[in-house]
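K.L.:
Sharing a sequence plus its predicted fold:
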Amino acid sequence: MAPKKSLTRFSVQHRTLLPGSEKTASAGVAETPAPLANRITVSVIVRRKRALKSAHITGAERLTRAQFRANHGADPEAVRLVRAFAKEYNLTVQPGTPAPGRRTIKLTGTVANLQRAFEVSLMHKTIGDTTCRVRQGGINIPEELLGYVVAVLGLDNRPQAQPHFRIAGQTGATAARLAQGSGFARPHAAGTSYTPVQVAQFYGFPAVQATNQTIALIELGGGFRQADITAYFQSLGQKAPKVIAVPVSGGKNSPGTPDGADGEVMLDIEVAAAVAPGSRIVVYFAPNTDQGFVDAIASAVHDTTYKPSVISISWGAAETNWTTQAMNALDAACQSAAALGISITVASGDNGSSDGVSDNGKHVDFPASSPHVLACGGTRLAGSNSTITSETVWNDLNGGATGGGVSNAFALPSWQSKVSVPKPTGSTGGRGVPDVAGNADPETGYTIRVDGQTMVIGGTSAVAPLWAGLIALANQQNGKSVGFINPAIYTAKAKSAFRDITQGNNGAFKADAGWDACTGLGSPNAPKLITTVSPGAKTPKKKTTAKRTKTASKSSANARKKLPGKRKPPTLTLKRGNKKSK
């Protein structure tokens, strides 16, 4: 019989840096040590039992939930090691973690024990008007865990992301708070406004009911009131949607005032539900931390109760504001969505080519820069009687402009290889942002009801739920979820599915014919797009040679089970980390 391992098994091992875990110093004041007796919960994310295949993460070969759970959830050996590690450091494993198909193990313990377990120093720091727990530098783990543990999130709970919406034409105290507050939004001069239904008509959305579709919304703050939803849809002449709030990791539906994140929540709900009438809206509320963000997306992807077919995300931050381990963990959740046939739409940001980073450089927003989501940029749209008369890049020259550029973290995907994506500014990266666009300028924004007030809101936050609604309609009309659509929309035959935007800029990048780093491929021509992304509308396979053996015939039959034209997906080339952290 093999001897039992020592109870000090991990504490005596050599420590090594968890790749990609390095955290920069936080802005703020009044730093003090975190109270040692405080209890917190962290997420330890472990490697998959088996890696997803190339065909899975490009959406070419889908998995059932049963197949995914059986083969691509948490590695049992990794789970065993983390449980033993937790026991040695007096950390409690949250029951039910990792959940089926998931790879997150929740560990709860005192600050003192977590500092010892991960060799970090946790401090309290005031950021804005909130006291946050922060760390600086890397996380160090016992060498036996290296390769099994790919991320540890939640030691630091500073705000991770911002919502990408902007309010038009507000004056007075509310506007002042919005302009000067927590970076949520800033007022813009009043202009023309449209209802989401009018915008959908401009783009040719079909007038059908999406009664069998569930649209998931990821929210990291704010909330909704049913009275506002009822009143808003009554004003549109539509039946109010069924809106369900799902709490994730301590988040909850917490409506406040228009000067907070409620504007984001209501914009998402009202746009998605108005353009895809009859759809069910499920809102996943999580804390605004990297841990909460990843939890929310993974919860939506693996939700077997509501089973969303499309997920809309209107929150994000510049790639430079993320740790590599957090980007890898979030992107892995997006890969899981692609494998399961779930689409994800993400706002590309509202701060132009700088993405709000004050170093005079070019930056893109994450998770829009993930190569496993549909990144949504913004336009300025004018039209009447359901006809577009003008559409240009959204850039109001007053601080608001569509995000877009080239990732310095993620490599150029194969499906973008035939469009002219500029070179990244760093030594790695290459994924171009955005993929598509839609109306976003607050001066041609959306009429929205928030906390009893009617206001006009724009930003790329409106474009993510707009495209999510369009995808829900496509799913309904095609009779099957379209899943990860990026490989399909970058083919030559998809050109007619877009209105090419050729005028304007977002700072460093100019619009041009074809794909550009302002509006991607363009805004949707909905009828053509729905046909283009239909799972049954793939390019025919090349004919095989006449000479066939039984073995060859069998191989050909197996090949037909896979969607044609699939390409090898990109290798995620990040500035830090290794392949095991993906």
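P.N.:
Nice, I can see it. Given the structure is predicted, the values throughout are model-derived calculations rather than measurements. Numbering: from 1, shown residues only.
K.L.:
so where's the stretch 151-300 of the chain uncertain?
P.N.:
Per-residue confidence for the stretch 151-300 of the chain (pLDDT under 70) gives these ranges: 169-190.
K.L.:
so where do the helices sit in it?
P.N.:
Remark: helices assigned in the stretch 151-300 of the chain by DSSP state H, counting those that start in this stretch are 173-180, 196-202, 226-236, 262-275, 290-301.
K.L.:
Using CSV, list the CA coordinates for the fourth one.
P.N.:
Provided in CSV are the C-alpha atoms of helix 262-275 (Å, rounded to 0.1, in the frame of the first residue of the first chain):
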residue,chain,number,x,y,z
ASP,A,262,-30.0,50.9,-14.4
GLY,A,263,-29.7,52.7,-17.7
GLU,A,264,-27.6,49.7,-19.0
VAL,A,265,-30.0,47.1,-17.7
MET,A,266,-33.1,48.8,-19.1
LEU,A,267,-31.4,49.5,-22.4
ASP,A,268,-30.5,45.9,-22.8
ILE,A,269,-33.9,44.6,-21.9
GLU,A,270,-35.9,47.0,-23.9
VAL,A,271,-33.9,46.8,-27.1
ALA,A,272,-33.6,43.0,-27.1
ALA,A,273,-37.2,42.3,-26.3
ALA,A,274,-38.6,45.0,-28.6
VAL,A,275,-36.8,43.8,-31.7
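K.L.:
For that helix, buried residues please.
P.N.:
Across helix 262-275, burial judged by 16 or more other C-beta atoms under 10 Å covers 262-275. C-beta coordinates here come from the backbone N, C-alpha and C atoms, glycine included.
K.L.:
ok, so of those, who is nearest K106?
P.N.:
V265 (25.6 Å; C-beta to C-beta).
K.L.:
Against T425, how distant is the closest one?
P.N.:
Distance, V265 to T425, using C-beta to C-beta, to the nearest Å: 34 Å.
K.L.:
Next, count neighbours for G237.
P.N.:
Neighbourhood size, G237 [other C-beta atoms under 10 Å]: 7.
K.L.:
Check G536 too.
P.N.:
8.
K.L.:
Just want the phi and psi numbers for the residue lying closest to it once chain neighbours are set aside.
P.N.:
Sequence neighbours aside, N478 is the residue nearest to G536 in space, at 7.3 Å (criterion: C-beta to C-beta, 6 or more residues apart in numbering). Per-residue torsions, N478: phi -80, psi -10 (degrees, to the nearest 10).
K.L.:
quick one, helices of the stretch 401-550 of the chain?
P.N.:
Counting by DSSP H, counting those that start in this stretch, the helices of the stretch 401-550 of the chain are 460-478, 486-489, 526-532, 550-560.
K.L.:
Would you mark the buried spots in the third one?
P.N.:
Going back to what we said before, that points to helix 526-532. For helix 526-532, the neighbour count (16+ other C-beta under 10 Å) marks 526, 528-532 as buried.
K.L.:
and that helix, what other elements does it pack with?
P.N.:
helix 460-478, helix 486-489 (3 or more C-beta pairs under 8 Å, 6 or more residues apart in numbering; DSSP states H and E).
K.L.:
at 7 Å instead, please
P.N.:
helix 460-478 (3 or more C-beta pairs under 7 Å, 6 or more residues apart in numbering; DSSP states H and E).
K.L.:
what is the orientation angle of the helix it packs on with helix 262-275?
P.N.:
30 degrees (axes from the mean of the first three to the mean of the last three C-alpha atoms, to 10 degrees).
K.L.:
now helix 460-478: mean pLDDT?
P.N.:
Mean pLDDT, helix 460-478: 98.
K.L.:
In terms of secondary structure, what does that helix contact?
P.N.:
Packing partners of helix 460-478 (3+ C-beta pairs under 7 Å, 6+ apart): strand 214-219, helix 262-275, strand 310-313, strand 343-347, strand 374-384, strand 436-439, helix 526-532.
K.L.:
ok, now with 8 Å
P.N.:
Counting contacts by 3+ C-beta pairs under 8 Å, 6+ apart, helix 460-478 is packed against helix 196-202, strand 214-219, helix 262-275, strand 310-313, strand 343-347, strand 374-384, strand 436-439, helix 526-532.
K.L.:
Put together CSV for the ones you listed, with distance to A508 on each row.
P.N.:
Formatted as CSV, those follow (distance: least, C-beta to C-beta, whole Å):
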stretch, distance to A508
helix 196-202, 28
strand 214-219, 28
helix 262-275, 26
strand 310-313, 24
strand 343-347, 19
strand 374-384, 14
strand 436-439, 17
helix 526-532, 28
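K.L.:
Pull up the distance across stretch 119-126, start to finish.
P.N.:
Its first and final residues considered, stretch 119-126 spans 23 Å by C-alpha to C-alpha, to the nearest Å.
K.L.:
Tell me where the model's unsure across the chain.
P.N.:
For the chain, the stretches flagged by pLDDT under 70 are 1-7, 28, 169-190, 537-582.
K.L.:
I'd assumed T345 was in contact with S309.
P.N.:
No: look at S309 against T345 with C-beta atoms under 8 Å: they stay out of range, at 11.8 Å.
K.L.:
what do the two both touch?
P.N.:
Common neighbours of S309 and T345, using C-beta atoms under 8 Å, 6 or more residues apart in numbering, are I471.
K.L.:
Those two: which is more packed in?
P.N.:
Legend: neighbour count by other C-beta under 10 Å for S309 and T345, higher for T345 (29 against 25).
K.L.:
For the more buried one, which residues are in contact?
P.N.:
By C-beta under 8 Å, 6+ apart, the contact set of T345 is 310-313, 373-374, 376, 463-465, 467-468, 471.
K.L.:
what's the answer for P241, then?
P.N.:
229, 233, 269, 273, 277-281.
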